[in-house]
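Asker: missing the sequence, but the structure's below:
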């Protein structure tokens, strides 16, 4: 094998390993669900989830909507919600707490924010604040 062929083979190898490495960074870790369970007559609420690396932007949720965003890295994800004059923020995904779960469900109600990993048993973790 001549020097030119060796060099081309080297470049191809570097390219393959770099592409393989990039694929591992986009690995789907979990899904955050934010479910609007406010009273039926409530106005739509605004919600946003983000990590240090990923920002999904603000989304409007009507009563009954289930907003979903993918956790792409085992990092802390913050979520925030605004409904009328009420505001709240909470840890939507914590690697130590949620790292072994494929889904993290947040039920948003008048009396707070409830966490579940099975979408059936809920524990209140946060409350609304008035601005």
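Answerer: Noted; the coordinates are in hand. Only a predicted model underlies this, so the values are computations on that prediction, with no experimental measurement involved.
Asker: The nearest residue to residue 97 once chain neighbours are set aside: what's it in contact with?
Answerer: Residue nearest to residue 97 in three dimensions, not counting chain neighbours: residue 91, with 7.8 Å by C-beta to C-beta, 6 or more residues apart in numbering. For every residue, glycine as well, the C-beta is placed using N, CA and C. Residues counted as contacts of residue 91 (C-beta atoms under 8 Å, 6 or more residues apart in numbering) are 76-79, 97.
Asker: before we move on, what about residue 74?
Answerer: By C-beta under 8 Å, 6+ apart, residue 74 lies in contact with 29, 95, 99.
Asker: Residue 46 is in contact with residue 60, correct?
Answerer: Yes - Residue 60 lies in contact with residue 46 (C-beta atoms under 8 Å); the separation is 6.0 Å.
Asker: got the phi/psi numbers for residue 98?
Answerer: For residue 98, the backbone dihedrals (degrees, to the nearest 10) come out as phi -110, psi 0.
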